[in-house]
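# Let's see this in three dimensions:
(2 chains)
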Amino acid sequence: MSGFAALVGRDLRLVWRRPGDVAVVLAFFVVATTLFPLGIGPEANVLARIAAGVLWCAALFSALLSLDRLFAADFEDGTLDLLLLAPWPLELAALAKCCAHWIVTGLPLAALAPVLGVAFGLGPEVLQALAVTLLVGTPTLSLIGGLAAALTLGARKSGALLALLALPLCVPTLIFGAGAIEALATGGDFGAHLAVLAALALVALATTPWAIAAALRQAGE
Amino acid sequence: MIERLSFGLATGEVLALVGRNGSGKTTLLRALALLVRPEAGAIRWQGVDVTADPETWRGRLAWLGHLEGLKGDLSVAENLRVAERLRGDASPDIGRVEAALAAFDLLGLADRPVRTLSAGQRRRAALTRVVLADAAVWLLDEPLNALDGPAQVAFRVALANHLAGGGLAIAATHADLGVAGGRTLELGRAG
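Presented below is the predicted three-dimensional model:
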């Protein structure tokens, strides 16, 4: 496990050295979501109705913004070779990279979303639920995004390709994430939606590291 | 690419891979590191096919590619520490790290971010990583690239120590490795 911790620690340290990369992602999230109340107008019931979908979509796009550098930086400076040559499973290294990505994007997005939700006139209970759904749902985005990043490694226009690959795979997470908030507002079963969201995260956790590792080995050839 | 190739190395031996650009030196090194899968043939360590247990084989390797494998935003010391921990060495010995840094005249640069270093200094930092890996097999792609005179001497001393300690090394190179008793394999020649 020392290698796993070292890799997560290294990636966090690299982000700490260049905080601008994360700041851009969070700034995009703030700007993108605040455009909706400005564009649609201050009708509280309309805004509250669309809030969950808007915030979830914006979180998805924001998470994708930083993903194209997830493995590309390691690929370009040769450190990917060191990961491929490490005497422990590459699957763990893939998981460590996604884990670090989640800590610096998913976690701040989940913390920021309730603050932005205020602009949509959401009540305290819904704001709390929003943070919980993002907390449970964003690991899936990091894992699926990591897979798309590994598959598009070395490709031209990898950013656009990455979005095309990752977005359709994130649809179930988006539906149940926004659906959970919707269920809370309409008296539906919030817990059931959250459980499906958690199940999606677990499926991604159990499958994507292997696929990412295979894609990275392919990229290394 | 490469066909009909067979060679063996005993402990303490170094093999220089020579040949023109594009003759397959790097590909052969990457195949030995299992980064590229050969279409046919086998790589054996003490008679056992290394693909049977790739993780143990990787643990025996120290790799220097044509890219240094250093993070520009981390200092030299941080890069070495991370590389050691990625190899599974939880607490690298500070004394060993300092001795290796001193051998390549990097002690004064240990806390500098790698992106501020020159090409030769980065190469020296990468070689320090190879030395610290304490691996039985060194796979080196153009190790002498960008190295100045004193750094080339430091590399030769490090390589000689490695070989004297029972290690072996395979290096793709255009320059003379400068180690007595080194063997040479020329790629890209019919025959």
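
# from what I can see A:T105 touches A:L64, true?
No - the criterion here is Cβ atoms under 8 Å, and A:T105 misses it with A:L64 at 9.5 Å. C-betas here are computed from N, CA, C, even on glycine.

# Which of these two has more residues huddled nearby?
Just comparing A:T105 and A:L64: by other Cβ atoms under 10 Å in any protein chain shown the higher neighbour count belongs to A:T105, 27 against 22.

# Does whichever strand or helix holds B:N161 pack against any helices or strands, and if so which?
Remark: B:N161 resides in helix B:149-164, with elements defined by DSSP states H and E. Applying 3 or more Cβ pairs under 8 Å, 6 or more residues apart in numbering or on different chains; DSSP states H and E, one finds that helix B:149-164 makes contact with helix B:94-103, helix B:119-132, strand B:168-172.

# can you pull out the helices in chain B?
Remark: helices assigned in chain B by DSSP state H are B:25-32, B:54-59, B:76-86, B:94-103, B:119-132, B:149-164.

# In a markdown table, list those along with mean pLDDT and mean neighbour count.
What follows is those, written out as a markdown table (pLDDT from 0 to 100; neighbours: other Cβ atoms under 10 Å in any protein chain shown):
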| stretch | mean pLDDT | mean neighbour count |
| --- | --- | --- |
| helix B:25-32 | 91 | 21 |
| helix B:54-59 | 90 | 16 |
| helix B:76-86 | 91 | 23 |
| helix B:94-103 | 88 | 15 |
| helix B:119-132 | 93 | 23 |
| helix B:149-164 | 91 | 16 |
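
# of all those, which lies closest to A:R18?
Checking the helices of chain B against A:R18 by Cβ to Cβ gives helix B:76-86 as the closest, at 14.3 Å.

# With just CA atoms, put that closest one into CSV.
The C-alpha trace of helix B:76-86 is given here as CSV (Å, rounded to 0.1, in the frame of the first residue of the first chain):
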residue,chain,number,x,y,z
VAL,B,76,15.1,16.5,-7.0
ALA,B,77,14.9,15.0,-3.5
GLU,B,78,11.1,14.7,-3.7
ASN,B,79,11.3,13.0,-7.1
LEU,B,80,13.8,10.5,-5.7
ARG,B,81,11.7,9.9,-2.6
VAL,B,82,8.5,9.3,-4.6
ALA,B,83,10.3,7.0,-7.0
GLU,B,84,11.7,4.9,-4.1
ARG,B,85,8.3,4.6,-2.5
LEU,B,86,6.7,3.7,-5.9
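
# which residues are in contact with it?
By Cβ atoms under 8 Å, 6 or more residues apart in numbering or on different chains, the surrounding residues in contact with helix B:76-86 are A:2-3, A:5-7, A:9-10, A:13, A:82-83, A:86, B:69-71, B:74, B:92, B:97, B:100-101, B:106, B:109-112, B:114, B:117, B:125, B:128-129, B:132-133.

# Mind giving me the ChimeraX command for buried ones among those?
Paste this into ChimeraX to select the buried members of the contacts of helix B:76-86, with burial taken from 16 or more other Cβ atoms under 10 Å in any protein chain shown:
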select /A:3,6,7,10,82,83,86 /B:69,70,71,74,92,97,100,101,106,109,110,114,117,125,128,129,132,133
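
# Just the contacts of helix B:76-86: which are in strands?
Taking DSSP state E, every one of the contacts of helix B:76-86 sits outside strands.

# quick one: contacts for residue 126?
Going with chain A. Neighbouring residues of A:V126 by Cβ under 8 Å, 6+ apart: A:A48, A:A51, A:A52, A:G117, A:I181, A:L184, A:A185.

# could you do chain B instead?
By Cβ under 8 Å, 6+ apart, the contact list for B:A126 reads B:L64, B:E68, B:G69, B:L70.

# Over to B:L70?
Contacts here follow Cβ under 8 Å, 6+ apart; on that basis B:L70 touches A:D77, A:G78, A:T79, B:V76, B:N79, B:V114, B:R122, B:A125, B:A126, B:R129.

# Can you tell me, leaving aside adjacent residues, what's nearest to the third one?
Read it as A:T79. Once flanking residues are discounted, A:T79 sits nearest to B:G69: 5.0 Å by Cβ to Cβ, 6 or more residues apart in numbering or on different chains.

# A:L153 versus that neighbour, what's the distance?
16 Å (Cβ to Cβ, to the nearest Å).

# what do you get for B:R44?
According to Cβ to Cβ, B:R44 stands 31 Å off from A:L153.

# of the two, who's got more company?
The neighbour comparison of B:R44 against A:L153 (other Cβ under 10 Å) goes to A:L153, with 22 against 11.

# can you tell me the helix or strand for the more buried one?
Judged by DSSP H and E, A:L153 forms part of no helix or strand.

# All set, thanks.
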